[in-house]
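Q: What follows is a predicted structure for the sequence shown.
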Amino acid sequence: MDKSPDAFRTISEVAEELDLPQHVLRFWETRFNQIKPMKRGGGRRYYRPQDVDLIKGIRHMLYDQGYTIKGVQKLLKENGAQFIVAIGAGDLAAVEAIAQRKAAEAADEQEAARAPAGASSRDEMLVGEARAKPSRRFFGMGRPDDDGPVQGEGKLSRDNRALLQEALFDLLECKRLLDQVR
């Protein structure tokens, strides 16, 4: 009998589902304070679905993307748990939305720090930039003469999704490095 997707999971169920030893899950609890399973009598752990999703994201970043624990901790601190959950689920749209929101917040903070009162707004600075959007051709999803939707060609292959995800991580890391230099 399978459990409901909303059901809580024991540590053994989570370990089996994610192909991780139980001691690794316990260790990650000490390194990532965002992982907070409920504990019942005798210290038995019960993981909520959102805990399992976060652990999947952390596992993906550590094992598949080659991040260190400190690197994932930094991503969590800078972008929040939903960012890691979205990465683990392969939800590139959510990853992009979160990254754009964070970039906008950082830009607003930088502008507020350096611009005197009454200076030009961020919207005025982005007028030209807002129009520069890659066409569907850029992602291999359209015909050379078509920037509109293409019937039946709107899905990326698994390999292309992986390449785009890898490029996104590289771009996010470049942005982080540039922000440090500024």
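A: Good, I have the coordinates. Numbers count the residues shown, from 1 in each chain.
Q: how far away is the nearest residue in space to residue 28 that is not next to it in sequence from residue 17?
A: Residue nearest to residue 28 in three dimensions, not counting chain neighbours: residue 35, with 5.9 Å by Cβ to Cβ, 6 or more residues apart in numbering. C-beta here means a position set from N, CA and C on the backbone, and glycine is covered the same way. Applying Cβ to Cβ, to the nearest Å, the value for residue 35 to residue 17 is 15 Å.
Q: again, but for residue 106
A: 36 Å.
Q: now do residue 50
A: From residue 50 across to residue 17, the span is 14 Å (Cβ to Cβ).
Q: who are the neighbours in contact with the residue nearest to residue 164 when sequence neighbours are not counted?
A: Spatial nearest neighbour of residue 164, excluding adjacent residues (Cβ to Cβ, 6+ apart): residue 92 at 6.4 Å. By Cβ atoms under 8 Å, 6 or more residues apart in numbering, residue 92 lies in contact with 86, 161, 164-165, 168.
Q: Show me how to select, in PyMOL, the buried members of the residues you listed.
A: Per 16 or more other Cβ atoms under 10 Å, the buried members of these correspond to this PyMOL selection:
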select buried, resi 86+165
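Q: mind listing which of the contacts of residue 92 are in helices?
A: Counting by DSSP state H, the contacts of residue 92 place 86, 161, 164-165, 168 in helices.
Q: Break this structure down into its domains, please.
A: Taking automatic domain parsing as the reference, the chain has its domains at 1-90, 134-182.
Q: That concludes my questions; thank you for your assistance.
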